[in-house]
Structures are given as C-alpha cells and as structure tokens.
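Visitor: quick check, what structure comes out for this input:
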Amino acid sequence: MIVCPNCNHQNPDGATQCEACYTPLPASMSCPNCGTTVQTDASFCGQCGFNLKASGSTGSPDTPAPVSVPDVPDLDPPDPLIEPEPLSMSSQSPIPDPQPDPPPDLPVTQVGQSGTTTEEEEKPAPPEPETEPPPPPVATPKLGSVTQLQVQSVYLLHLQTQTKMELPSHLSVIHIGKPNDQIPPDIDVSGFPNSEIVSRVHADIRVEGDTYYLEDVGSANGTYINHTPLPKGDRHRLRKGDRISLGKGDMVTFLFQVS
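Guide: Next up is the predicted model:
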C-alpha cells in the first residue's frame, strides 16, 4: 500500500496518483532485503533498516560493513617527572633599590642662540593668601546692668476720673459690670460716678491673641463705641483710642489704650 503524503489515504501498490485527493504519489520499489515496499528516494528501509543507498551492497543488514582502523604507531614512553629544586636566597639576584623621584620644580636654564647657557630666571613668589579681618570686638555688658523686656500693657482709662484700669492678661474673657451673684465682674465700675446706669452684667471684652473685641451682653442702657450704639451680640474690634461708653449720656466713659 502507498500512503498519500497529502491526505494519508492508502492507495494500492503501483498507483501513481492518490485516489482521494489526486496528489501525485512518490515512486516505490521493493526492499532488496525484506521485500517491503519503500519509496525510491528513501535511504533506509523502514521495515528492516537496510541501507538502500549502499552501492553494490548485497549482504544482509545484520552483517555490518568492515571498518578500517588506521595503524597507530607506538609512542615513546614519557620521561619521568623531575621534582623542581628549591630556590635558595643566595641564588636570587638582589632587587635594586628604587630610584628616588627627581625633586619637583627644578630651575630651568635657557640656552641662547650662541649655545651658551644664560642665568636662571627667578620665579615670582606665589601671592600670599588673603586673611580675613578679625571680627569686631563684642561689647560685654557691664556688671549690674539688667536687660528689660518691653511688655505690652493694655488698659481702660476712665475719662471722668482719669483712672487707669489694666486688663488682666491671663483671661480670655473679661467681664465688665458691678458685683452680682451670677457673673462677678473683672472690671468693677461700681466705685465710679454715675455707675447706677451700668448693668451688673453689662459687657465683655474677648481676647484672641493680640486682638481685643468688645461685646454687649444684654445691658439695660446699652454700650456705645465712639458714640455709636453697639447692638447686642455684635462684636467690635477695639483699636487704640476707641471711646467706650457704658449707658446713655456718655457719663461712664473709657478710652481703650495700649502702651
């Protein structure tokens, strides 16, 4: 049977074209050793392995072809190994001392046109490095002198009596009014003239950093800033020289001062 190399269809012996796909079939022959059908361009038989390309070979595949072995001449035995002799210190040549390097920056002599040497030129001396001037002396304070830090002072100046009332620096809310059982005042105005128009809980000064704000907290006669009434719940940022009046008629008046 001849198997088609294109579609693997088995065709009868002697067919030249595949019955299924009409592909030309390779030519075949019988193996001279076992008689199996093989292709003519095959090198060995797929059944018995016979060498089909061997010219004039008629023997069986079990009989291998003689292999010619070239004659190898006998080699001379190698000489025995000789142990090396240890080197002695006396046989070694002394190592010469290294030559010192020539000194740098040797003076160079110039040769004139007549062949005679001229005098050596002197090299200019390198410039001296610039030195920084010494720092100015630091004045040391005399014994007994004390450095005083300037502390900002904030106070209210009562215009009717020219009395200064310094604001507490440790409070964030400063209450202004007269003694009472609910909120005791931090700035007590009960000793000033006409204090009867001031409520017991009259106004607050709130401190936020370096900024001071004035707020009316529900007084009966109101709070005025620079002759302008301050609505209840509103805040006014105080500035140096602001005029604060507690009650109507400008009878209890303070100036906001910073020194």
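
Visitor: from now on I want contacts and neighbour counts done on CA atoms only, so please keep to that.
Guide: OK.

Visitor: what about the residue lying closest to residue 216 once chain neighbours are set aside, which SS state?
Guide: Spatial nearest neighbour of residue 216, excluding adjacent residues (C-alpha to C-alpha, 6 or more residues apart in numbering): residue 203 at 4.4 Å. Secondary structure state of residue 203, per DSSP: H, G, I helix; E, B strand; the rest coil, is strand.

Visitor: show the contacting residues for residue 203.
Guide: 175, 176, 177, 214, 215, 216, 217, 218, 219, 223 (C-alpha atoms under 8 Å, 6 or more residues apart in numbering).

Visitor: check what pLDDT the third one gets.
Guide: The predicted local confidence for residue 177 comes out at a pLDDT of 95.

Visitor: gap between it and residue 256?
Guide: In this view, residue 177 and residue 256 are 16 Å apart by C-alpha to C-alpha, to the nearest Å.

Visitor: more crowded one of those two?
Guide: Each of residue 177 and residue 256 has its neighbours counted (other C-alpha atoms under 10 Å); residue 177 has more, 23 against 18.

Visitor: pretty sure that one contacts residue 185?
Guide: Yes - counting by C-alpha atoms under 8 Å, residue 177 does reach residue 185; the two are 5.3 Å apart.

Visitor: can you work out which residues contact both of these two?
Guide: With C-alpha under 8 Å, 6+ apart as the test, residue 177 and residue 185 both reach 200, 201.

Visitor: restricted to buried residues, select the contacts of residue 203 in PyMOL.
Guide: The buried subset of the contacts of residue 203, as determined by 16 or more other C-alpha atoms under 10 Å, is captured in PyMOL by this line:
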select buried, resi 175+176+177+214+215+216+217+219+223
